[in-house]
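Asker: The following block contains a protein sequence and its predicted model.
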Amino acid sequence: MTSSAMPPVSPVSEPQAASGAAPGTGPVGTLLTGQPPVTATTGPMIAIDSVSKWYGDFQVLTNCTTAVTKGEVVVVCGPSGSGKSTLIKCVNALEPFQKGQITVDGTKIADRKTNLPKLRSRVGMVFQHFELFPHLSITDNLSLAQRKVLGRGKDEAEAKGLALLERVGLKAHAHKFPGQLSGGQQQRVAIARALAMNPIVMLFDEPTSALDPEMVGEVLDVMVELAREGMTMMVVTHEMGFARKVAHRVIFMDKGEIVEDAQKEEFFGSPRSERAQTFLSRILSH
Amino acid sequence: MTSSAMPPVSPVSEPQAASGAAPGTGPVGTLLTGQPPVTATTGPMIAIDSVSKWYGDFQVLTNCTTAVTKGEVVVVCGPSGSGKSTLIKCVNALEPFQKGQITVDGTKIADRKTNLPKLRSRVGMVFQHFELFPHLSITDNLSLAQRKVLGRGKDEAEAKGLALLERVGLKAHAHKFPGQLSGGQQQRVAIARALAMNPIVMLFDEPTSALDPEMVGEVLDVMVELAREGMTMMVVTHEMGFARKVAHRVIFMDKGEIVEDAQKEEFFGSPRSERAQTFLSRILSH
Amino acid sequence: MNYNWNWGIFFEASPEGTGTYADMLVSGLLWTILTALCAWVVAFTIGSVVGVLRTLPSRAAQAVGNAYVELFRNIPLLVQMFLWYFVLPEVLPESWGTWLKQLPNAPFYTAVVCLGFFTASRVAEQVRAGIQALPRGQRMAGTALGLTTAQTYRYVLLPNAYRIILPPLTSEFLNNLKNTSVALTIGLLELTARARAMQEFSFQVFEAFTAATVIYIVINLLVVTVAGVIERRVAVPGR
Amino acid sequence: QDLTGTLKKIKETGQITLAYRDSSVPFSYLDNNQKPVGFAMDICYKIVDAVKSELKLDKLEVRLNPVTSATRIPLIANGTVDLECGSTTNNVERQKQVAFTNTHFLTANRFIAKKASGLTKFEDLKGKTVVSTSGTTNIKQINEYNAEKKLGITILPAKDHAEAFLMVETGRAAAFVMDDVLLASLAASSKEPTAYAISTDALSKPEPYGIMLRKDDAPFKKVADAATAAFYKSPDSKVTYDKWFMAPIPPRDINLNLPMSDALKGAFAKPSDSPDPAAY
Amino acid sequence: MFSNFDFGVILNSWRYLFLDGMTFTLTLTALAAVGGVILGTLIAMMRLSGLPVLPQIAKVYVNFMRSLPLVLVIFWFYFLVPYIGQWIIGAERPIQVGAFSSSLITFTLFEAAYFSEIMRAGIQSIPKGQAAAASALGLTYWQSMANVILPQAFRNMLPVLLTQTIVLFQDTSLVYVLSITDFLGAASKIAQRDGRLVEMYLFAAVVYFTICFIASLLVRRLQRRVAIIR
Ligand SMILES: Nc1ncnc2c1ncn2[C@@H]1O[C@H](COP(=O)(O)OP(=O)(O)OP(=O)(O)O)[C@@H](O)[C@H]1O
Ligand SMILES: Nc1ncnc2c1ncn2[C@@H]1O[C@H](COP(=O)(O)OP(=O)(O)OP(=O)(O)O)[C@@H](O)[C@H]1O
Ligand SMILES: [Mg+2]
Ligand SMILES: [Mg+2]
């Protein structure tokens, strides 16, 4: 851990660069979110400031600092066990952390006064294993949180759910149960479920790595669409094709540290750190 | 299922083409198998002849016919649920089938007189989830079948195991238990375990699809090596990079049928069937 | 409460003339332990065989295993005890029945067999569950290496399954230990029977049952501790 | 004067609870309608009447609670039941824990065996296997007898009287050592009542049965003692005795045919709650 | 040898056996199962809560209950419940609870220990991601327990819960030690009074076997029906 004292590359990413890119890539507008395309405002949407976290004696995150501005798409990659999932879960306060500060849309998440359920409902999250609720129909999966958290009525929630299902191309499956869908379809439902809460930012934790190769495409297509519409996204993934296509920035983590935090072109062009180079060469080798 | 009546493309693959390719690709010889490089002989190593199989009413395999000659590397691909695993398990008599005939090195496996344990010990098999025996050390994992099936002595079995471990680069881990190794390391041990039985052919069922992306490479490297040494191999995989690099032939399955059975160049150049085209375009899209 | 406590009762001579009440309880404890251990040997052996039968591909083997389990777990133990002791000798050929009845220590042997068979049905459930909890690939990997079915069970499936089911097996052992108390119905002089006899002789009910309760808790703690040690001993590194 | 203890409780709640046994024929057991009946029950109802008039109650609700040999002491002690109506032997040890009213029966420790076996005296049991009910004074006495005379008898304990008798019936034991009155009723309700014989000699002097109540509750015991004494001395007691011991009784109309013994006649003439067999 | 059997005793007492005895047994089983599952679920949640002290209390409770023979537990509760009741409501003398309430309390508390272990396994068998997904959607702890975790745990464990209920059904036979008229109690009272033990116990065995066997067949069919498609 030679570089543990070294500060991460870009403490706060250049908002002008990101915001310049984001709206421009959103072509026709509002297919998935149903909101007007976002135009970047000032402060970052997510600010991660010197976050450290331990499991007992074991340090999983070491002094992580970065930020995501509105409309920006950030891809996080790195070897297994490097802390990518942990970092993204900290943003959503699904994991507590011991040091540092995370702010989402101006709200400090470690603040005791913060209403965490409320905050979480505004941050959409998509998991590696989909995590649809297997005992509920697709419709109920989409309505549950809308009704319990946002207090929407049954009809309103179902209408919203159905509209999103249609947009991910699964309207016909509304009455089915998760177990009756393929992995790719389940993951698209999971994305719709998160979108149903009108999130201001979406987090993805390896959304395609539990899928059969042929299904990876259909999920990535939905994500690309979402990115083009200007959704703020933080995506843990090994799909370098996706990163090349839509990311604005790439963060590379190793052993709990943010080793590289660079604009996409820079990262793929010539990663500064040796570790990132090795990693890239490995996953692109065969 | 419009084409279910259509016979598979190549009932018996052209042995001359395959055998011509095989020894040529084995460069320096015997790193992994410890045997002299194979020179193709006459009859096919594996002959699958009009095999059909049902689970209850559901037909998993429909009239499958193909053959693998000595030293040939055949990649099997196709959508999920198309029967790839089932086909490969039939070759090893791990699954019974109701119609047709499979011959391995001249022995009919459905014959009541065939000593199946003996036959199976000569066919190496590597599974998607490694299936090392978690309660045995790596050394014992490698020795168990050598001693119980081949009747080798403890010392001989361990020496053989150690030699193979060294060749897959894991000699230092001999005393450890499977749970203490990474996925990639476990899969390399699993390959060594199969090789310890001096198999005449190796079957692989998606050997890399349960691995983290960075570990895929280390397993594929071992497999490429093995192929180069002239091992006869039948590999179910979605790693098209591997197929391009070492396969002689590619079999494409869909809905239990062998839809395409072609030389590698032909398959990647212009797949004859529409289904194979769609499949290829999907898994290569992002 | 209108009750005359007398904790010194344990050191008074019991009317059976074989020592104090404490001696009486200790002898009961020894029978409890002996019965529990012997019954466990029976239960573990039969339970493993029946459990394995239920996981074999053969339909017939499964049917035999299922029949055994259904028969022995669907009748209350109390009733089974009674049937083994009083009814079995009557339905056997007369000479066998007489031999059984004349057997010295018949309540003990009957209790061991009855409890053993009963517990075996529960052990069989655990063994089956343990084997089925293993990834299907484990059996295949064994088979693919050329091991026979028996070898696959012996070297691959059972060693893993037993490790998985160690905690539930511990509870079954504890149940088995507690269930020895049901053998008092056929005259086995185990701990609970002795506590009952003590309270009927002396009328010091609460003292007698308190002693039994404390003893059971202590043996339980011992068993749990030993099971913990075994669990750590056989734990597989890295899991 | 102020009421205390059980009487106070009965007055306040308007309830008295009788404990009965399921199968102590003919003292306390269930008839065909599953109602507890028996000789001891009849006596208990006399006590209930006495309590009712003592407390000048218009109405006294009688509750019935089943007990076993294991539950009777705690239930008396914790106030769940007020009187135990059964066949409980009154002895010194037990008096440390509970009190007894006047003796309602006297019984001796004998054994029963199949007539065919020809066993009639205790010394005939030499080298045989016999059964007795665990926790009884009877098993204690046979143990002592066996040790003293070195007869080499194997003594099996049984959970209850019915199982002990079953062991004789099925041949697991040659004889069953128990209170003679219980042996008589067990034989009478067996499948072949005539196949059994009770021993001619007894291991002990007749021992008294008493109705059990809470210790250290003198006012209540006084009422119970007075009621039972009055009943035993009256001709009523003979009628009631004959009803249970000399006539067919439910549930299967069996006649026990046990005339009142001289000792019991004496005990009824001079009612006593002494636990000492010598007092009768 | 059956020629010597006198099955008339069953004909004479079937109303008592079934109307009194079996009704008691079934009512006790049903109520104790419902109470036990509810209490057991709460104990399981206590045990899995990361809070201080609560998990330890739950653990001690479960281990204590499971280490005693049921006969002893029945015995203790029968005698102590009146005092506990007195203490709780501050009455002047031990309250009269009666055999039924007493055994209901006993079995609810005793079986809760077993049901809690089942529910604990059930809750733990739900992938951690499910709770994370529920939280991520903004559901509170109780909302995600009520809508996501418990419904799944309950459905996964339903067959095991029912199997344990069959065990409970058999266990209730032990109340005979209190001379309570459950099915076996009724059978043994008649058997002892009439000296027909063998016939009665054989009959009881047949009745218990029939009921339990049919119940376990139903459980197995149900198991296939309720299984959540995954
Ligand atoms: N609950 C836990 N207790 C202890 N250690 C944990 C826990 N969860 C995760 N870890 C450890 O923290 C480290 C980081 O885990 P994390 O899941 O964030 O990695 P990751 O980068 O997402 O890896 P992957 O690509 O495998 O998902 C790992 O070493 C892991 O073993
Ligand atoms: N034991 C079984 N009983 C019934 N159907 C089965 C069984 N095993 C497999 N199948 C079915 O047989 C079909 C072929 O399965 P198989 O595992 O061979 O597919 P595959 O091509 O290997 O798919 P994958 O890429 O997902 O591994 C599938 O539809 C599967 O659902
Ligand atoms: Mg992760
Ligand atoms: Mg497969």
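Answerer: Here it is on my side, so go on. Numbers count the residues shown, from 1 in each chain, chains lettered A, B, ... in the order given. Ligands and ions are numbered 1, 2, ... in the order given.
Asker: Going by C-alpha atoms from here, please, whenever you check contacts or count neighbours.
Answerer: Will do.
Asker: Give the residue spans of chain D that score low on pLDDT.
Answerer: Scanning chain D for pLDDT under 70 picks out D:1.
Asker: and if you look at chain C?
Answerer: Residues of chain C meeting the criterion pLDDT under 70: C:1-2, C:17, C:239.
Asker: The residue in it that chain A sits nearest to: neighbouring residues, count only.
Answerer: Using C-alpha to the nearest C-alpha, the closest approach of chain C to chain A is made by C:Gly238 at 16.1 Å. C:Gly238: 12 surrounding residues under other C-alpha atoms under 10 Å in any protein chain shown.
Asker: quick one: contacts for it?
Answerer: Contacts for C:Gly238 (C-alpha atoms under 8 Å, 6 or more residues apart in numbering or on different chains) come out as B:Phe177, B:Pro178, B:Gly179, B:Gln180, B:Leu181.
Asker: Now list the buried members of these.
Answerer: B:Phe177, B:Pro178, B:Gly179, B:Gln180 (16 or more other C-alpha atoms under 10 Å in any protein chain shown).
Asker: my guess is the residue of chain C closest to chain A is in a helix, correct?
Answerer: No. If the criterion is DSSP: H, G, I helix; E, B strand; the rest coil, then C:Gly238 is coil and not within a helix.
Asker: Quick check: the gap between it and B:Thr139.
Answerer: 15 Å (C-alpha to C-alpha, to the nearest Å).
Asker: now swap in A:Thr139 and tell me
Answerer: A:Thr139 is 52 Å from B:Thr139, by C-alpha to C-alpha.
Asker: Contact distance from chain C - what residues of chain E qualify?
Answerer: Counting by C-alpha under 8 Å from any C-alpha of the partner chain, chain E comes close to chain C at E:1, E:64, E:67-69, E:72, E:170-171, E:173, E:198, E:201-202, E:204-205, E:208-209, E:212-213.
Asker: So the closest residue to chain C within the stretch 51-200 of chain D: helix, strand or coil?
Answerer: Relative to chain C, the nearest point of the stretch 51-200 of chain D is D:Gly135 (4.1 Å; C-alpha to the nearest C-alpha). Of the three states, D:Gly135 takes coil under three-state DSSP.
Asker: Only whichever of the residues of chain E next to chain C are buried, select them in ChimeraX.
Answerer: Applying 16+ other C-alpha under 10 Å to those, the buried members can be selected in ChimeraX as follows:
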select /E:67,68,69,72,170,171,173,198,201,202,204,205,208,209,212,213
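Asker: Take the residues of chain E next to chain C and keep only those in helices.
Answerer: Counting by DSSP state H, the part of those found in helices is E:64, E:67, E:72, E:170-171, E:198, E:201-202, E:204-205, E:208-209, E:212-213.
Asker: From those, pick the one nearest B:Arg275.
Answerer: E:Phe213 (51.8 Å; C-alpha to C-alpha).
Asker: Verify the stated contact: the closest one with C:Asn74.
Answerer: Yes. Assessed by C-alpha atoms under 8 Å, E:Phe213 is found in contact with C:Asn74 at 6.1 Å.
Asker: Could you find the closest non-adjacent residue to E:Ile84?
Answerer: Spatial nearest neighbour of E:Ile84, excluding adjacent residues (C-alpha to C-alpha, 6 or more residues apart in numbering or on different chains): E:Pro94 at 7.9 Å.
Asker: And C:Leu145, by the same measure?
Answerer: Once flanking residues are discounted, C:Leu145 sits nearest to B:Ser121: 4.9 Å by C-alpha to C-alpha, 6+ apart.
Asker: Tell me the spacing between A:Leu136 and ligand 1.
Answerer: A:Leu136 is 27 Å from ligand 1, where distance means C-alpha to the nearest ligand atom, to the nearest Å.
Asker: go on, E:Ala113?
Answerer: Distance, E:Ala113 to ligand 1, by C-alpha to the nearest ligand atom: 28 Å.
Asker: so that residue is in which element?
Answerer: E:Ala113 is located in helix E:98-125, with elements delineated by DSSP states H and E.
Asker: What ranges in the chain fall below the confidence cut-off?
Answerer: Since no chain was named, I'll use chain A. For chain A, applying pLDDT under 70 flags the ranges A:1-42, A:285-286.
Asker: that's the wrong chain, I meant chain E
Answerer: E:1-4, E:228-230.
Asker: Let's see that with 50 instead.
Answerer: Chain E contains residues with pLDDT under 50 at E:1.
Asker: returning to that earlier point: ok, residues contacting whatever helix or strand comes next after the helix holding E:Ala113?
Answerer: Per DSSP H and E, the first helix or strand lying C-terminal to helix E:98-125 is helix E:128-136. For helix E:128-136, contacts defined as C-alpha under 8 Å, 6+ apart pick out A:92, A:94, A:117, A:120-121, A:123-125, A:127, A:129, A:131-133, E:141, E:144, E:148-149.
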